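Colleague: after the sequence you'll find the predicted model.
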Amino acid sequence: MADGSPRPVRALERLGQTVTAKILRLGFAARFLFYLVLHSGVAFRRFGLTIREIYFAGVLSLIIILVSGLFVGMVLGLQGYETLQRYGSSEALGILVALSLVRELGPVVAGLLFASRAGSAITAEIGLMKATEQIAAMEMMAVDPIARVVAPRFWAGVISMPLLAALFSAMGIFGGYLVAVPLIGVDEGAFWSQMQASVDVREDILNGVIKSIVFGIAVSWIAVFEGYDAPPTAEGVSGATTRTVVTSSLAILALDFVLTALMFTGGNA
C-alpha cells in the first residue's frame, strides 16, 4: 500500500471526506439562501426585473406545461375508465382525474418540467455570466450581484411555479374531459357534478398549492445556487446545469413524499 493503510480504511476515509464535503456544500447553500432572502429588496423595489424573469421562467414554459398537462389528463381518462368500469363506477371518472392531478400529478410533473426547462436555463444563464466575468464586473462597480441578478430569478421561479402547476392541473382535467365525455361517452353532468362534490378546497386544492410553492422554492434555490457556484468554464457550467436538473428532480420527489405524509397524517388527526 502506498500510504501503509489497509484498503478498507482508505475507502472509509474517502467516504468520510465525501460526506463532509457534501455537508459543507449544503451549509454553504443554506447561507446563500439566507443572504439571498436578506438582500431581496431590489427584486421587489424594482419589480420590473422580477417581471422580466417571470416571463423568462414562466411564460416561456407555458407550451410544454399545457401540452404535457393535456396528454397526462387524457391518459388518466383512458386508464381510469378501464379500471373504474370493472367495478361499475365509470361515472366517478371525473373524481379520479381531478384528485390525481390536483393532489399529486399537477405539482409533481409541473415541478419536474419546470426544473428541466426553466431551472436549467437559470443555472446556465448565471453560470455564463460568471464565466464571462459579468458577475466580477458588477462587484467591481459596487453592485451586489445577489440582489441584482440572483434574487429576481429566484422570486420569479417561486411565483411562476404555483401558477404553472395550476394551469397543468386545469389542462389535465380538460384532457380527461375530452376523453371521458366525447370519446368514451361518460355522462357529462355526472363527470362535472361528482368532481365538484368530491374535490375539497382545503384538503385537496390547498395542499396541491402548498406543494407547488415548496417545489418552486426548492427548484429556484438549487438553480440559482448551482449557477452562482459553477466553475467559470464551459465544462463547469455544463456540470452545474446537469446537477440542477438531477438535484431538483430528486428534491421534488423526496419533498413530495414528506409533504404527502405530513398532510395525510394531519388530515387523519
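Modeller: Arrived safely. Numbers count the residues shown, from 1 in each chain.

Colleague: please make it C-alpha for all contacts and neighbour counts, starting now.
Modeller: Will do.

Colleague: so who does residue 167 touch?
Modeller: Residue 167 makes contact with 65, 66, 69, according to C-alpha atoms under 8 Å, 6 or more residues apart in numbering.

Colleague: per-residue pLDDT, it?
Modeller: Note on residue 167: pLDDT of 95.

Colleague: for residue 246, same thing?
Modeller: In this prediction, residue 246 carries a pLDDT score of 94.

Colleague: next, count neighbours for it.
Modeller: 15 (other C-alpha atoms under 10 Å).

Colleague: could you do residue 157 as well?
Modeller: Neighbour count for residue 157, taken as other C-alpha under 10 Å: 32.

Colleague: next one: residue 212
Modeller: Applying other C-alpha under 10 Å, I find that residue 212 has 29 neighbouring residues.

Colleague: which other helices and strands does the helix or strand hosting it contact?
Modeller: Element membership for residue 212 (DSSP states H and E) is helix 207-229. Using 3 or more C-alpha pairs under 8 Å, 6 or more residues apart in numbering; DSSP states H and E, the elements in contact with helix 207-229 are helix 7-38, helix 106-114, helix 120-131, helix 151-178, helix 234-268.

Colleague: which one of those lies closest to residue 202?
Modeller: helix 234-268 (10.4 Å; C-alpha to C-alpha).

Colleague: any idea how far stretch 226-241 is from the chain center?
Modeller: 20 Å (C-alpha atoms, centre = their mean, to the nearest Å).

Colleague: quick one: average confidence on that stretch?
Modeller: 90.

Colleague: span of it from start to end?
Modeller: 7 Å (C-alpha to C-alpha, to the nearest Å).

Colleague: and what of stretch 100-110?
Modeller: In stretch 100-110, first residue to last residue: 13 Å (C-alpha to C-alpha).

Colleague: for the helix or strand bottoming out on mean pLDDT in the chain, which helices and strands make contact with it?
Modeller: Within the chain, no helix or strand scores below helix 41-45, which has a mean of 80 by mean pLDDT, DSSP states H and E. In terms of contacts (3+ C-alpha pairs under 8 Å, 6+ apart), helix 41-45 is packed against helix 47-57, helix 151-178.

Colleague: which of the residues in it are buried?
Modeller: Buried residues in helix 41-45, counted by 16 or more other C-alpha atoms under 10 Å: 42, 43.

Colleague: next up, the contacts around residue 11.
Modeller: Residue 11 makes contact with no residue, according to C-alpha under 8 Å, 6+ apart.

Colleague: for residue 74, find the nearest of the helices and strands packed on helix 207-229.
Modeller: Evaluated over those, closeness to residue 74 peaks at helix 151-178, with 4.6 Å, by C-alpha to C-alpha.

Colleague: give me the angle between that closest one and helix 47-57.
Modeller: 40 degrees (axes from the mean of the first three to the mean of the last three C-alpha atoms, to 10 degrees).
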